[in-house]
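[1] Curious how this folds, go ahead:
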Amino acid sequence: MTKIQEETDNIVSTVLKSSEQPITRVVWIGAGGSFGGFYAAQYFMTRNAIAVTSEMFTSNEFVMSPPAYVGTNTLAVVCSMRGTKETCEAAKVAKQLGAHVVALYVDPSPLTEVADFKIKYESLALDESRTELSNTSIALMIAMSLVQHTDGYDDYDVAMQAFDNVDAIYRRAVEATTPLAKVWADRNAERKPIYVLGSGPAYGAAYIFSICNIEEMLQIPSPTTNSCEYFHGPFETLDKTTSVFQLVSVGRTRAADERAVRFLKKYGGDNVYILDAKEIGLNDLDDKVSEYFNHVIFAPVLNNVYMRALSARIQKSYLTRRYMWKINY
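    Model prediction:
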């Protein structure tokens, strides 16, 4: 059976060889969690790629205002679990503009019909899903493969091996954080809003935790703030009662998260919560590549442990919605 690392690399290699023009652009397109799930790939590209420029787009914005550069020089990686309407339309626009379209999907939809290539992923929301088969992991593999083929990536083999270990790290993290999440949920059950902070390679996980887990699933307001930006306005909201969930990443921007932690501990109260990547297993990965796996581990832990704990504590099913899937919007 072909490993997912090999499957993604084969697709990237095929696109590069078959393209009429050299691939100099990659666009990552999705909506909601599918959009946020591309952040790890985008972070990797902007820190490593020279030959290929990378940019993320939320689906509807891409449809309404596609960038002028999209053409046969572009790889468009488009993600939707079941075929979100505007994401399918975005894939059509990318294809019409000449881009090579790769679809990441769970269920077949118009997205998979329009795509040149497709890769099936496993939803991180399901306990039985493999972490290396999540949309975030696969997108990150694509990014790493793209850089390896165009610029060369010295740590490519180390990174591909790391994907073989992420599921075990995630399982241990679930076990370690489950009792901690219950305490957090007890303390924050009545707190609104719940601020979520993160930076660098963990910012995408913070964003998804806010908009998908806390706001969409539990209907609790939850602003997301970059730890670096916290001191340029948002920190004025902090008092002893404020609910803040701080992600502390491993990697080059960890110092920004640690700065925020120092401030939160000094001026915040019992509703401040710190989740450190070092304490949930990121240090088990080689330091050369661990930075890029923050999102891969953080995102499923936040969804499957912390969101579920809060859902149970407030006795609100995370499957309920006010508007989504119920009305035209």
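[2] just checking, H295 touches P201?
    Yes: contact criterion Cβ atoms under 8 Å: H295 and P201 qualify, at 6.4 Å. Where C-beta positions appear, they are placed from N, C-alpha and C, glycine not excepted.
[3] any common contacting residues for these two?
    Common neighbours of H295 and P201, using Cβ atoms under 8 Å, 6 or more residues apart in numbering, are Y39, A40, Y43.
[4] I'd like those as JSON lines, with distance to N303 and secondary structure appended.
    Listed next are those as JSON lines, based on distance: Cβ to Cβ, whole Å; DSSP: H, G, I helix; E, B strand; the rest coil:
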{"residue": "Y39", "distance to N303": "15", "secondary structure": "helix"}
{"residue": "A40", "distance to N303": "15", "secondary structure": "helix"}
{"residue": "Y43", "distance to N303": "19", "secondary structure": "helix"}
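[5] Out of these, flag the one nearest to L140.
    Distance to L140 across the shared contacts of H295 and P201 (Cβ to Cβ) is lowest for A40, with 4.8 Å.
[6] Could you check how far the closest one is from V166?
    Relative to V166, A40 is positioned 11 Å away (Cβ to Cβ, to the nearest Å).
[7] What of A185?
    According to Cβ to Cβ, A185 and V166 sit 25 Å apart.
[8] on that earlier part again, most surrounded residue in the shared contacts of H295 and P201?
    The member of the shared contacts of H295 and P201 that has the most neighbours, counting by other Cβ atoms under 10 Å, is A40 with 29 neighbours.
[9] How about the contacts made by the residue nearest to it when sequence neighbours are not counted?
    Spatial nearest neighbour of A40, excluding adjacent residues (Cβ to Cβ, 6 or more residues apart in numbering): H295 at 4.0 Å. Listed by Cβ under 8 Å, 6+ apart, the contact set of H295 reads G37, Y39, A40, Y43, T136, L140, P201, A202, G204, A205.
[10] mind listing which of the residues you listed are in helices?
    When DSSP state H is applied, these are split such that Y39, A40, Y43, T136, L140, G204, A205 fall in helices.
[11] one step back: quick one: which of the contacts of H295 is the most crowded by neighbours?
    That'd be A202 among those, by other Cβ under 10 Å, with 33 neighbours.
[12] Please report the distance of that residue from V272.
    When A202 is compared with V272 (using Cβ to Cβ), they lie 17 Å apart.
[13] Kindly report the same for D286.
    31 Å.
[14] Give me the more crowded residue out of these two.
    Neighbours were counted for D286 and for V272 using other Cβ under 10 Å; V272 has more, 23 against 14.
[15] Run through the bridge partners of that one.
    As for beta bridges, V272 partners with V244 under DSSP bridges.
[16] Can you verify my assumption that T136 contacts A40?
    Yes: assessed by Cβ under 8 Å, T136 is found in contact with A40 at 5.3 Å.
[17] residue ranges for the helices of the stretch 101-250 of the chain, please.
    Counting by DSSP state H, counting those that start in this stretch, the stretch 101-250 of the chain has helices at residues 110-114, 135-150, 156-162, 166-188, 203-208.
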